[in-house]
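Undergrad: Could you work out the structure for the sequence below:
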Amino acid sequence: MPFHLYFDESDLLRCRFAVSPLWETQEAVRTLSRPGRHGYHLPWLRRIEEGAAGLDLTPLWLLMPERGHNPDFICPPPLGPLATFSEEVAAVRATDPATAREDMALSLADTPHGLHSPAGRRMLADPARAVQELADLLERAWQVMVEPHWPRLRALLEADIAYHSRRLAEAGFERLLGEISPQLRWADSTLTVVGTKGNHSRVLGGQGLVLMPSVFVWPDVVGGYEPPWRPAVIYPARGIGGLWTESADRTPETLARLLGRARADVLCAIGEPAGTSALAHRLALAPSSVSAHLSVLRAAGLLTSRRYGHQVLYERTPLGIALAAQES
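TA: Predicted structure coming up:
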């Protein structure tokens, strides 16, 4: 169902990009409980498996229903473009307990048996304590699951912002939204986020919009944040397909034996959405050859494609990502 954000002229002047280590942390926690996301992050899952096993993430998972309200106070949009995790988790700790209780109650009501679970009852009975315990748990999750990999994640997120900032200057806001995700639509000063879980509308009223690329939200787009938090749209970062590979220039030998060298090279070269001509140039192959390999890879379920303007852009599926991440 769609989510609608209504802009006026002042809102367009107050749109900005941001990176949020806290957002990546809570989405990393969510990813552990969403098997459908695992294919995108298998190398990461293997690396954090032992440390994550020592975390009891149940309280956070109770507040992350697959359909329904997710509490805004555990991951508010960052105040600055490069906020640190310490700054963001401090804002969580400062949340008013009454606001937090209302936020948690909405999420627990959308989680099967959440309101009546022992952990859910404890959170609602003492929201001030719950805020601090949830912040502590987020901090431990950050230290175990995200912080060791943050330089790699931050580089990808900042590269995404640099690219889309250039595209904003070159092509304008409307076209930028279409390039960020096919789930974003712009018409009559209204941004519509399609495919979200819920039907909501919000008038920005001069607050503008925070645009945040995310690694762990991929391939979804999340729109929202209710007052008192600023509205934000979180979208999949570019280049997720090559994030966990050790070298973008190395095709695993096992994959080359399975698919053939040229076809495996094409699969491994798609670290971010790319068209036939760009891949042909990158691999020094004839466009007709690349096109034939792309067709076979797509038919095998290793790639998806979507049309943007006059181009067809290809991306790896979870299976394609997993295969390209295999060690030789």
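Undergrad: Could you list the residues in contact with stretch 299-309?
TA: 178-179, 182, 267, 270, 294, 297-298, 312-317, 319-320, 323 (Cβ atoms under 8 Å, 6 or more residues apart in numbering). All C-beta spots, glycine's among them, are computed from the backbone N, C-alpha and C.
Undergrad: Just the ones of those residues in helices?
TA: 178, 179, 267, 294, 297, 298, 319, 320, 323 (DSSP state H).
Undergrad: was I right about the second one contacting residue 164?
TA: So the one you mean is residue 179. Yes. With contact defined as Cβ atoms under 8 Å, residue 179 counts as touching residue 164 (7.5 Å).
Undergrad: okay, the ones in helices among the contacts of stretch 299-309 in a markdown table with neighbour count and distance to residue 152 next?
TA: What follows is the ones in helices among the contacts of stretch 299-309, written out as a markdown table (neighbours: other Cβ atoms under 10 Å; distance: Cβ to Cβ, whole Å):
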| residue | neighbour count | distance to residue 152 |
| --- | --- | --- |
| 178 | 15 | 28 |
| 179 | 18 | 24 |
| 267 | 23 | 21 |
| 294 | 23 | 27 |
| 297 | 23 | 26 |
| 298 | 16 | 28 |
| 319 | 13 | 22 |
| 320 | 24 | 20 |
| 323 | 23 | 20 |
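Undergrad: Can you pick out the most distant pair from the residues you listed?
TA: 178 and 323 (29.3 Å; Cβ to Cβ).
Undergrad: so how far is residue 104 from the residue nearest to residue 130 when sequence neighbours are not counted?
TA: Excluding its sequence neighbours, the residue lying closest to residue 130 (Cβ to Cβ, 6 or more residues apart in numbering) is residue 123, at 4.0 Å. Distance from residue 123 to residue 104, counting by Cβ to Cβ, to the nearest Å: 5 Å.
Undergrad: Return every residue with contacts to both of the two.
TA: Common neighbours of residue 123 and residue 104 (Cβ under 8 Å, 6+ apart) are residue 130.
Undergrad: what helix or strand does the residue nearest to residue 130 sit in?
TA: Taking DSSP states H and E as the criterion, residue 123 maps to helix 118-125.
Undergrad: same question, residue 201
TA: With DSSP H and E as the test, residue 201 turns up in strand 200-203.
Undergrad: wait, what's in contact with the residue of the chain positioned farthest from its centre?
TA: Among residues of the chain, the one most distant from the C-alpha centroid is residue 286; the distance is 34.0 Å, by Cα atoms, centre = their mean. Residues near residue 286 by Cβ under 8 Å, 6+ apart: residue 280.
Undergrad: Let's test this: what are the backbone torsions at it?
TA: Note on residue 286: backbone dihedrals following degrees, to the nearest 10 are phi -70, psi 140.
Undergrad: Tell me how far it lies from residue 255.
TA: 22 Å.
Undergrad: do the same with residue 4
TA: 43 Å.
Undergrad: When the two are compared, which one has more neighbours?
TA: residue 255 (21 against 15; other Cβ atoms under 10 Å).
Undergrad: Work out for me the element that one sits within.
TA: helix 253-259.
Undergrad: Equivalent analysis for residue 306, please.
TA: Applying DSSP H and E, one finds residue 306 within strand 303-308.
Undergrad: Kindly state the neighbouring-residue count (a burial measure) for residue 237.
TA: 27.
Undergrad: before we move on, what SS does the residue lying closest to it once chain neighbours are set aside have?
TA: Distance criterion Cβ to Cβ, 6+ apart; nearest residue to residue 237, sequence neighbours excluded, is residue 213 at 3.9 Å. With DSSP: H, G, I helix; E, B strand; the rest coil as the basis, the three-state label of residue 213 is strand.
Undergrad: tally of neighbours for residue 213?
TA: What residue 213 shows, counting by other Cβ under 10 Å, is a neighbour count of 28.
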